[in-house]
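Undergrad: no sequence on this one, just coordinates:
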Ligand SMILES: Nc1ncnc2c1ncn2[C@@H]1O[C@H](COP(=O)(O)OP(=O)(O)OP(=O)(O)O)[C@@H](O)[C@H]1O
């Protein structure tokens, strides 16, 4: 593989980087902390820095880059960009995982090295850390402690429990860990527990820690503002006082996970602990200048010292680009919203999937309220927060299984589909990990794509997607042809049957559901992916995404109960919603739902006018 000289390396897929981003990219000796506002291209920056390190050989084979994100789709998105830009043998050395995926992978790989007192059995299962489950434990043991407090203590107290200083915490945490291991039909671990187990394992096995450091001389941390104290402890245990160079990116103004334990002053601590150099990016590549002006007004309220971002997005729409839409009644609000979107879609100015409906909470209730009006106007609303089986649609779409099967199903539906072909080939190359320079392996992957898609085409050509069993059958056929063991071997989170079955069942259920309206296979797959549908999601789920038009449903004192003048995290949630928009951001309001949030309207004044729908 030919390497590029560092001074000759150029970014790919974008024209250029801003000067500060160039400096942070070329910093390879020392950790850097890149703070930047919304749309500043933080994810893009990480993708470019990954390509730079791999293509110049600054991260030489067999060394790897570990990129840790918070959400599966963010992790996937980052690795897709690297796969598209780097040679396969380089892209394979870019390991992009979620924090939970990384810790679970470490535990599964080194479970035997966890000291015996806390070593979980091999058949442990993942348990979601719910308040109900913690309350059940508290009741059974008659402990007088709040569920949230217990959750925080589990996450924050290092193992072994006998060494925890606080006596009360020791008294409760000992039984809690035993309960999780022994009370149920099998051992159940939450991700917070896995985090602590891996931390314990690394502290007691310096050899494993050393191997980790030497495998990953470069570590990227995306959305660093959301790192929890427990995760940060683990990062320090694993890589503290080592030569690994960190690149942490994030935006403190988008810190909306405080309730989930995101630590305070994350960037300040990181800069001190890792002697990092700090830089702040200035551009906003997503939004045009009129939207950036509104975003700046909110940003200033969060951080009075914030720099005004330089808007790099181009405005492509006329008329009002941001407003509060006031409706007389809730029915008018629902109807007006559906009618407006239908009008814009019919006019051809925007695709349904590029208009997002955001809500503060309770997306399922809003779906019930909106869906009938949307149907009447010929629109399909897709609530991506809804579960299929036990997995949310948005999470399912980002799963490796989905990403592996979909391109093949697309090729089964229609032979000519260049994007699906490229994706299918990259899936197989990734699964089989053939060396990028091995032409025979490359040809084998090409031949296999041809073979698998031909078999799927025969089956899908014979059977229209109408009966449930038939749709499931095609999904299972794709899995069999690509190879279930291959997909599971390549995906750490699928090692346990229950984890894999949960995703597979969600996949088959959504496929079945997408076939309910009939049509061609391609139409079914479009529905599966949400193409041609208006997405509905909570602000928290919209983080990291972007849409042509964003409509926030319900800006009032009840929907945003906690949006008080001093409530920083709620204002940040509002900021996240506002900054997802590339061209337009609207907020609906009606008196039937609650009162106006006056201080916010005063803050934004003419920038966010009220428009009355009668
Ligand atoms: N240097 C660049 N030149 C042109 N476009 C860019 C550049 N960097 C990023 N973009 C584009 O700008 C948009 C925002 O980038 P990205 O999603 O990486 O930003 P971000 O900082 O992660 O945003 P946020 O924190 O708001 O989620 C994307 O559409 C991306 O493709």
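TA: Here it is on my side, so go on. Everything numeric here is computed off the predicted structure, so don't read it as measured data.
Undergrad: can you tell me which residues in the stretch 201-350 of the chain are near the ligand?
TA: Proximity of the stretch 201-350 of the chain to the ligand, by Cβ under 6 Å from any ligand atom, involves residues 251, 254, 285-286. Every residue, glycine included, has its C-beta placed from N, CA and C.
Undergrad: now the residue positioned nearest the centre of the chain. Its backbone dihedrals?
TA: When Cα atoms, centre = their mean is applied to the chain, the residue found nearest the centroid is residue 71 (2.5 Å). Per-residue torsions, residue 71: phi -120, psi 150 (degrees, to the nearest 10).
Undergrad: correct me if wrong: it contacts residue 97.
TA: No: the criterion here is Cβ atoms under 8 Å, and residue 71 misses it with residue 97 at 11.2 Å.
Undergrad: for the residue of the stretch 251-400 of the chain found nearest the ligand, give me its contacts.
TA: Relative to the ligand, the nearest point of the stretch 251-400 of the chain is residue 285 (3.2 Å; Cβ to the nearest ligand atom). Neighbouring residues of residue 285 by Cβ atoms under 8 Å, 6 or more residues apart in numbering: 39-41, 44, 312-313.
Undergrad: leaving aside the residues adjacent along the chain, what's closest to it?
TA: Closest residue to residue 285 apart from its sequence neighbours, by Cβ to Cβ, 6 or more residues apart in numbering: residue 312 at 4.6 Å.
Undergrad: residue contacts, the one you found?
TA: By Cβ under 8 Å, 6+ apart, the residues touching residue 312 are 283-285.
Undergrad: now the helices for the stretch 451-600 of the chain?
TA: Along the stretch 451-600 of the chain, counting by DSSP state H, counting those that start in this stretch, helices occupy 468-482, 484-490, 497-514, 521-529, 539-542, 568-578, 598-604.
Undergrad: with respect to the ligand, which of those helices lies nearest?
TA: Nearest to the ligand, of those and by Cβ to the nearest ligand atom, is helix 568-578 at 7.7 Å.
Undergrad: show me what counts as buried in that closest one.
TA: By neighbour count, with 16 or more other Cβ atoms under 10 Å as the criterion, the buried positions of helix 568-578 are 568, 570-578.
Undergrad: for the strand or helix carrying residue 338, enumerate the helices and strands it packs against.
TA: Element membership of residue 338, judged by DSSP states H and E, is helix 330-346. The contact analysis (3 or more Cβ pairs under 8 Å, 6 or more residues apart in numbering; DSSP states H and E) places helix 330-346 against strand 322-327, strand 355-359, helix 363-376, strand 547-552, strand 581-590.
Undergrad: which other residues reach that helix?
TA: Identification of contacts with helix 330-346 by Cβ under 8 Å, 6+ apart yields 325, 327, 350-352, 355, 357, 369-370, 373-374, 376-379, 534, 549, 551, 553, 588-590, 592-593, 613.
Undergrad: coming back round to it: and which of the residues of the stretch 201-350 of the chain next to the ligand is nearest to residue 142?
TA: Within those, the smallest distance to residue 142 is 40.9 Å, found for residue 254 (Cβ to Cβ).
Undergrad: so for that closest one, what's the pLDDT?
TA: Residue 254 carries a pLDDT value of 79.
Undergrad: roughly how far does it sit from residue 262?
TA: Distance from residue 254 to residue 262, counting by Cβ to Cβ, to the nearest Å: 11 Å.
Undergrad: okay, and the common contacts of the two?
TA: Shared contacts of residue 254 and residue 262, defined by Cβ under 8 Å, 6+ apart, are found at residue 225.
Undergrad: could I get the helices of the stretch 451-600 of the chain in JSON lines, plus columns for mean pLDDT and distance to residue 427?
TA: Listed next are the helices of the stretch 451-600 of the chain as JSON lines, based on pLDDT from 0 to 100; distance: least, Cβ to Cβ, whole Å:
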{"stretch": "helix 468-482", "mean pLDDT": "91", "distance to residue 427": "7"}
{"stretch": "helix 484-490", "mean pLDDT": "87", "distance to residue 427": "9"}
{"stretch": "helix 497-514", "mean pLDDT": "93", "distance to residue 427": "15"}
{"stretch": "helix 521-529", "mean pLDDT": "95", "distance to residue 427": "15"}
{"stretch": "helix 539-542", "mean pLDDT": "87", "distance to residue 427": "26"}
{"stretch": "helix 568-578", "mean pLDDT": "87", "distance to residue 427": "32"}
{"stretch": "helix 598-604", "mean pLDDT": "82", "distance to residue 427": "46"}
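Undergrad: residue 448 and residue 408, how far apart?
TA: The gap separating residue 448 from residue 408 is 10 Å, by Cβ to Cβ.
Undergrad: now whichever residue of the chain sits closest to the ligand: how far from residue 542?
TA: Per Cβ to the nearest ligand atom, residue 41 is where the chain lies closest to the ligand, at 2.5 Å. Using Cβ to Cβ, residue 41 is found at 18 Å from residue 542.
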